[in-house]
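Peer 1: Only the shape, not the letters, is given here:
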DNA sequence: CTAGGGTTAG
């Protein structure tokens, strides 16, 4: 019986045909290592070592495990492949990769299990390329991977070279008939999703004969991670209808999708469901909830979750800090950062510092932000500033109007400036109407990033503000010539758990007519109290009347107007835009807030704009 | 004995 148990898994049969094992004839497959294993079952030393090592593994008892290992060496006991593999697992579980590797290197022979164990050790610790190299060595050594090996090695296929190898591994999987295995399949579809190949992921998922929580979660999260939030939500609903079981990881994926959609009511519903269904409050799930509420515009709920957590990771702090930062709550960012440093339990990392610096910038605390950056460079914080942090400094200087200084700062950086850095300075030049620097930077940027439509728009706005219409025109021609594709602007609003999408050229909304009438009506009445359409936001070469028409068709105006029609008078209008909000729409929203005495919360690509009584939390800088 | 899905930033 004992023998059979050891022998069974090593027979290379597709898992789906496990019934065929009945036809198995023992003597045919009884190879050398198995014999040894069978014999060692009668070896009392083996049994003792094995029992103790298993206990050490379960208890993650590193010291005790080391003593067992030392005993094996001292007594000159020759451990089997089996026992050596236990040692690899022990050291892996105890976070001692070097020891695990040492045991592996000393092995006189290896089997698929020992290979898989060492590959798993490297992939768990994040050493993807080491894991992949070991996998290749394994193949060269003539050891055939099994379903465990495939499921493991695919998790290390995360870089661009990894993805190429991953595709090749996929064909190996097909050849060796593991395609239908649910562990292999989840790992495989996850790899495709991480490579952005969602259709391949979907195909792998659909071909799985049996789906479980993990494979379902992998495909839902795959969609969510790629920003295909609506698809993720739709799939979640469908699979739920088909009887899928969800656990906390599934909900984490769904909540990520709802964060992207800023669907507050749906998010609350899922949160309630989680609370009711006795799913343990894992940190990861709570982190995703903090982020969800903040991205839905409700920082109070985020903070409530944050405050009640019994354990916080650096991600919990970062999610909360990023929340305050995106809402322009600079003071709160600093307060929380102080709390974090005083608590000393969790160390700030580079994301923390990104949140703190951008929080100072969004919150108008430029000098504080610059001081914190100096603390970083002098080593006071313990986080080395990287390119992104330098980018924040450009933002800080630009925001406080020190455009020339920002330019000098970029030139003095220890890095080659990226397009994002130049882009930030271009934005600053536009806000402060610094045509000289803006032009210099803009032209440079158009060469680095000729396909980024946003750069043309900002530079054009800058020229327009200086009355340089000839330059505006030639810029538009250049854009046409280079066939720059602009990501279509899209805005949406959630009303009674339903998301209403608006698109500048899309007439599909059932109440479109009514909405268009409302926008025009608003425009007319706002003009009476001072609203002047900002025609420089329109790049098309048409007459002014046409330009105004185009402006009124902007998706955020449609969503805002629909919000005004379809929501109660006392609730804030919450609109989400996929790109940066345009100056004219920002102004339009201010008039809504003033004339109708309604709070407007507008989330764009970069931050929140909380507009009350005609004033915006961004201070008109974004 | 060895295995799959998850949170912040850009």
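Peer 2: Yep, that arrived. Bear in mind the structure is a predicted one, so any value in this text is a computation, not a measurement. Numbers count the residues shown, from 1 in each chain, chains lettered A, B, ... in the order given.

Peer 1: Could you use CA atoms for every contact and neighbour count after this?
Peer 2: Fine.

Peer 1: Tell me where the stretch 101-250 of chain A has helices.
Peer 2: A:112-124, A:128-140, A:147-153, A:160-175, A:182-194, A:198-207, A:213-225, A:229-241, A:248-261 (DSSP state H, counting those that start in this stretch).

Peer 1: How about stretch A:403-413, which residues are buried there?
Peer 2: Using 16 or more other CA atoms under 10 Å as the test for burial, stretch A:403-413 gives A:403-404, A:406-407, A:410.

Peer 1: Run the chain-centre distance for the one helix or strand residue A:301 maps to.
Peer 2: Per DSSP states H and E: residue A:301 is located in helix A:299-308. Here helix A:299-308 is found 21 Å from its chain centre; the criterion is CA atoms, centre = their mean, to the nearest Å.

Peer 1: What are the contacting residues of that helix?
Peer 2: The contact list for helix A:299-308 (CA atoms under 8 Å, 6 or more residues apart in numbering) reads A:286, A:289-294, A:312, A:316, A:320, A:323-324.

Peer 1: Tabulate the buried residues of stretch A:403-413 (CSV), appending distance to residue A:70, secondary structure and pLDDT.
Peer 2: Shown next, in CSV, are the buried residues of stretch A:403-413 (distance: CA to CA, whole Å; DSSP: H, G, I helix; E, B strand; the rest coil; pLDDT from 0 to 100):
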residue, distance to residue A:70, secondary structure, pLDDT
A:403, 65, helix, 92
A:404, 66, helix, 92
A:406, 61, helix, 94
A:407, 62, helix, 93
A:410, 57, helix, 93
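
Peer 1: want to throw those residues into TSV with distance to DNA strand B?
Peer 2: Formatted as TSV, the buried residues of stretch A:403-413 follow (distance: CA to the nearest atom of the strand, whole Å):
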residue	distance to DNA strand B
A:403	20
A:404	23
A:406	18
A:407	19
A:410	16
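
Peer 1: If we ignore the residues flanking it in sequence, what's nearest residue A:285?
Peer 2: Among residues not flanking residue A:285 along the chain, residue A:252 sits closest, at 5.3 Å (CA to CA, 6 or more residues apart in numbering).

Peer 1: before we move on, what about residue A:404?
Peer 2: residue A:437 (7.5 Å).

Peer 1: and what of residue A:397?
Peer 2: Closest residue to residue A:397 apart from its sequence neighbours, by CA to CA, 6+ apart: residue A:406 at 5.5 Å.

Peer 1: Test my guess that the one you found contacts residue A:392.
Peer 2: No: Residue A:406 is beyond contact range of residue A:392, at 10.6 Å (criterion: CA atoms under 8 Å).

Peer 1: list the contacts for residue A:610?
Peer 2: By CA under 8 Å, 6+ apart, the residues touching residue A:610 are A:327, A:599-602, A:616-618.

Peer 1: What parts of the stretch 151-300 of chain A come near DNA strand B?
Peer 2: A:151-152, A:155, A:182-187, A:190, A:211-215, A:217-218, A:221-222, A:225, A:246-250, A:252-253, A:256, A:282-285, A:287-288, A:291 (CA under 7 Å from any atom of the strand).

Peer 1: From the residues you listed, list just the buried residues.
Peer 2: Applying 16+ other CA under 10 Å to those, the neighbour count classes A:151-152, A:155, A:182-187, A:190, A:211, A:214-215, A:217-218, A:221-222, A:225, A:246, A:248-250, A:252-253, A:256, A:283-285, A:287-288, A:291 as buried.

Peer 1: Quick check, central residue of chain A?
Peer 2: Compute the mean C-alpha point of chain A, and by CA atoms, centre = their mean the closest residue is residue A:225, 5.6 Å away.
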